[in-house]
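Undergrad: how would this look folded up:
(one chain, ligands or ions: 1)
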Amino acid sequence: MFKIVEFSHFLITEFYQKNKEKYLTFIDATCGKGNDTLFLAETLNHNGTVVAYDIQEEAIDITKRLLLKNHFKNCIFHLSSHEKILEENFDLIIYNLGYLPGSDKTITTTANSTLNSIKLVLSKISNKEDYLIIIVLYPGHENGLIESQIIDDFCYHLPSNFYLVSKYQNYNRLNAPYIITISKNKKSLVNHSKLMIN
Ligand SMILES: C[S@@+](CC[C@H](N)C(=O)[O-])C[C@H]1O[C@@H](n2cnc3c(N)ncnc32)[C@H](O)[C@@H]1O
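TA: Numbers count the residues shown, from 1 in each chain. All right, here's what the predicted structure looks like:
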């Protein structure tokens with residue numbers, strides 16, 4: 001069986017396979033040690049744009065070095081919170097929440113900043129024909145539990161006629177990391193630009 005992070009990569013590959021005829025932009029909203037950013041770059045294989053965000057210089061440096069080592073030179077880096085996503089046109093975004101492994105655990109994603117970011121992303125992406133938002137949540141520690149409950153609740157209440165929200169979880173390990181994805185409900189004919197997310 002897949003580990004949860006491997007499963008997020010499986011979802012990225014599936015999305016890529018369905019959309020590879022287009023010029024794609026993939027965003028890593030929390031680049032950390034760069035493993036997800038590298039996977040995004042490998043998936044696009046120089047045929048699209050990869051963008052990476054993190055609030056820690058250390059994370060941006062580690063990720064830059066990892067990508068260069070693997071000969072990916074054209075990734076865009078923002079030392080900035082994902083609450084301020086600058087890109088207007090992108091296809092997939094992954095949030096691997098929590099703290100930088102092996103570093104200061106108090107510098108972590110928070111329910112507030114993650115929620116603000118997801119709302120911003122939805123306002124930018126909902127009009128696209130196809131998109132994928134992947135959120136990897138970690139309820140196994142105190143802050144992660146609060147964050148996952150708040151994000152879970154927000155996603156659960158997204159209108160089903162516009163959004164397809166899915167949850168991937170080990171059924172018998174409820175404290176283990178899990179994934180929520182948000183994608184377009186393609187049956188919807190409503191103009192998403194009119195949709196307000198509060
Ligand atoms: C679990 S790590 C990400 C793992 C990473 N994707 C990887 O493959 O190694 C979470 C990262 O989120 C970053 N972070 C925390 N708050 C953030 C925010 N508001 N915007 C962007 N990054 C943030 C942390 O600095 C940390 O590096």
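Undergrad: helix or strand for residue 61, which one?
TA: helix 57-69 (DSSP states H and E).
Undergrad: what's the following helix or strand after that helix?
TA: With elements assigned by DSSP H and E, the helix or strand that comes after helix 57-69 is strand 76-79.
Undergrad: which residues does the most centrally placed residue in the chain contact?
TA: Nearest to the mean C-alpha position of the chain, by Cα atoms, centre = their mean, lies residue 94 at 1.5 Å. By Cβ atoms under 8 Å, 6 or more residues apart in numbering, residue 94 lies in contact with 8, 12, 26, 27, 28, 29, 36, 40, 134, 135, 136. (C-beta placed from N, C-alpha, C; glycine too.)
Undergrad: That one is in what secondary structure piece?
TA: strand 92-96.
Undergrad: Is any residue of that strand near the ligand?
TA: Yes. Applying Cβ under 6 Å from any ligand atom, one finds strand 92-96 touching the ligand at residue 96.
Undergrad: could you give the mean pLDDT of that strand?
TA: Averaging pLDDT along strand 92-96 gives 98.
Undergrad: Tell me which strands it pairs with, and in which orientation.
TA: Partners of strand 92-96 in the sheet, by DSSP bridges, are strand 25-28 (parallel), strand 132-137 (parallel).
Undergrad: Regarding residue 179, what is its secondary structure?
TA: Three-state call for residue 179 (DSSP: H, G, I helix; E, B strand; the rest coil): strand.
Undergrad: where's it relative to the ligand, distance?
TA: Distance of residue 179 to the ligand, given as Cβ to the nearest ligand atom, to the nearest Å: 13 Å.
Undergrad: I'd guessed that residue sits against residue 11; true?
TA: Yes. If you go by Cβ atoms under 8 Å, residue 179 and residue 11 touch, sitting 7.4 Å apart.
Undergrad: Overlap of the contact sets of those two?
TA: residue 134.
Undergrad: what about residue 72, how many residues close to it?
TA: The local packing of residue 72 (other Cβ atoms under 10 Å) involves 19 other residues.
Undergrad: Got phi/psi on it?
TA: phi -100, psi 110 (degrees, to the nearest 10).
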